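> Dropping a prediction and its sequence here:
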Amino acid sequence: MRKRLSLLISAGLLLGLTGVAQAGESGLVRTDSGPVRGTVLADHQQYQGIPYAAPPVGELRWRSPQPVTPWTTPRDAGQPGPACAQSAGAGSPSTDEDCLYLNVTTPSRHGRKPVMVWIHGGGNSYLSGAGFGTSRLAVQGDVVVVTINYRLGFFGFFGHPSLPDSGAYGIEDQQAALKWVQRNAAAFGGDPRNVTVFGESGGAFDVCAHVTSPLSRGLFQKAIAQSGGCSTTWGANGVIHGKPASAPWISKSAAQTDAVALSAQLGCSDVACLRALPASAFTAIDRGATPVVTGNRVLPVNPVDALRSGRFNRVPLIWGNTRDEGRLTSATVPEPFDYNGLLQQAYGAEKAAKIAAEYPVGESARLAYGTVLTDGVWACNQLADDRLLSRYTPTYGYEFADRTAPLGYFKDLFSETFPGGALHSAELAYLFDIPMFDLDPAQQRLASTLIRDWTTFARTGNPGWATYRSGNVQEYSLGHIGQVNGLTRHNCSFWNSIG
């Protein structure tokens, strides 16, 4: 149970067309590729499974996304497209490479509304855009919400020496979806000149990629990164238990070495052989989170270096995390729970001793380890991004801190002595409609506040609180909505001191 759920963490761990009418009561919309017919509901309309790029199959595997073949007969947009090929790690295996589809939710009113494009989490290895219900966000916020699928794992982030500029096909897919939004948002009542890209966990890392990619310049006007930033790194077991140390980014040379080793493992000596293999040959290999390759035309430099130099797309930003990020990972560690051993695997003996002294076990080793991961992997790295970003562009830090948040399908991992708190991905049920994560009335009010602030930011570039300064971020909890000091709360001076 813990082993399977440890792989779910990545889950925690989505236009101006001339001559096209806005979404009407009939549910028929003409996109630049052809007409689609969606579902008309009382207060919104949904259009699902719209292709934004050609199926990346056969010779198009490991190529930049290509244009869709146009159609003339109205296409049924009543169901989402298939999830992109992925292992069973998050409980939703797929071998379908024909997966480059997006979904649009729009309030049943005309106008030029802000557009919010959601990039789902899952560590660039798992899940799909269809898992996030967007009706509440769209209706309450009066925004057009787009959720997208993009190539995952080996299909989206394979950096082979025989494939020039490879290793970021998943990011290119997202860029193709953003270009689709530019061409088609007006048809759904959206404003192509007011687009916010937002994502969580792996999707937040991808938001960082877009903020720093020269190829994403002009495709969005605002960005929100939830629980995942440019500076994030982790030691062994730090995000998914049982997986090695990693980061959201991998160098071109390291990726190529890895790709050659994978080719040999699969019995291939060239890309033609690899393209001939079935998708199942790749989905049978589960490596956890998948890093994005840098040193190509999509990401010429490591995103951290782009932030440090100020060479990034300077748009208003919301950048933050949850208060208890690491408890979800800690919950999946099997018994016997070896706190000191885990610290030594992740940090080495010398640093582990300092961390153990700073974070003593107390009543619960799991709580102590969860706090170590929260501070050392997630919060302080996110705050480091806030500091770098705020030198160049309006940056709003936040922390989601409702420690009573519903646990949904994670509930069996926690107890009275080891509560889930505001764990990694806890805020998603407050923005989206997700099965099994039911909110009580007080949480519904907090959700309304979060949606109000996120969509106000999408509309104006200002969520309604002060920009980041000296560690101050906006806290969202049942008992308090206002500024707190994240650097102090997460002991960042200690983490900075041990390097």
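Yep, that arrived.
> Now do stretch 262-273, average pLDDT.
Mean pLDDT, computed over stretch 262-273, is 98.
> What are the contacting residues of that stretch?
62, 154, 160, 162-163, 274, 277, 281-282, 285 (C-beta atoms under 8 Å, 6 or more residues apart in numbering). For the C-beta atoms, the positions are set from N, CA and C on the backbone; glycine is no exception.
> Now a PyMOL select for only the buried ones of the residues you listed.
PyMOL command restricting the contacts of stretch 262-273 to the buried ones, with burial defined by 16 or more other C-beta atoms under 10 Å:
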select buried, resi 62+154+160+163+274+281+282
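> Looking at the contacts of stretch 262-273, which are in helices?
154, 274, 281-282 (DSSP state H).
> From the residues you listed, pick the one nearest Leu215.
Nearest to Leu215 among the ones in helices among the contacts of stretch 262-273 is Phe154, at 21.7 Å by C-beta to C-beta.
> Spatially, what comes nearest to the closest one if we skip its sequence neighbours?
Of all residues not flanking Phe154 in the chain, Phe282 sits nearest, at 4.4 Å (C-beta to C-beta, 6 or more residues apart in numbering).
> same check, this time on Thr233
For Thr233, the spatially nearest residue (C-beta to C-beta, 6+ apart) is Ala247, at 4.4 Å.
> any chance you could read off phi and psi for that neighbour?
Here is the backbone geometry of Ala247 (degrees, to the nearest 10): phi -160, psi 170.
> and what of Asp324?
Torsion angles, degrees, to the nearest 10, at Asp324: phi -120, psi 50.
> so what's it bridging to?
Leu423 (DSSP bridges).
> correct me, but it touches Ser425?
No: assessed by C-beta atoms under 8 Å, Asp324 is found out of contact with Ser425, at 11.0 Å.
> before we move on, back to that, surely the residue nearest to Phe154 touches Phe157?
No: in this structure, Phe282 is not within contact of Phe157 by C-beta under 8 Å, at 11.5 Å.
> And stretch 389-396, end to end?
10 Å (C-alpha to C-alpha, to the nearest Å).
> Which residues does that stretch contact?
Applying C-beta under 8 Å, 6+ apart, the contact partners of stretch 389-396 are 307, 310, 312, 314-320, 386, 457, 461-463, 465-469, 474.
> distance between that stretch and the chain's centre?
20 Å (C-alpha atoms, centre = their mean, to the nearest Å).
> Give me the buried stretch members for it, please.
Applying a neighbour-count criterion of 16+ other C-beta under 10 Å, the buried positions in stretch 389-396 are 389-390, 393-396.
> want to throw the residues you listed into TSV with distance to Ala85?
What follows is the buried residues of stretch 389-396, written out as TSV (distance: C-beta to C-beta, whole Å):
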residue	distance to Ala85
Leu389	34
Ser390	39
Thr393	36
Pro394	38
Thr395	36
Tyr396	36
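> Identify those among these that sit within helices.
Filtering the buried residues of stretch 389-396 for helices - DSSP H - leaves 389-390.
> Tell me where the stretch 51-200 of the chain has strands.
75-76, 101-107, 113-119, 144-148, 190-200 (DSSP state E, counting those that start in this stretch).
> What residues of the longest one count as buried?
When you say that, I think you mean strand 190-200. Buried, per 16+ other C-beta under 10 Å, within strand 190-200: 190-192, 194-200.
> Let me have the residues you listed in TSV, extended by distance to Ile50 and pLDDT.
Below are these laid out as TSV (distance: C-beta to C-beta, whole Å; pLDDT from 0 to 100):
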residue	distance to Ile50	pLDDT
Gly190	14	97
Asp191	19	97
Pro192	16	97
Asn194	20	98
Val195	17	99
Thr196	19	99
Val197	18	99
Phe198	19	99
Gly199	19	99
Glu200	22	98
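> for the buried residues of stretch 389-396, which one is nearest Ile171?
The closest of these, once distances to Ile171 are taken by C-beta to C-beta, is Leu389, at 19.1 Å.
> Since that was my last question, I'll sign off now.
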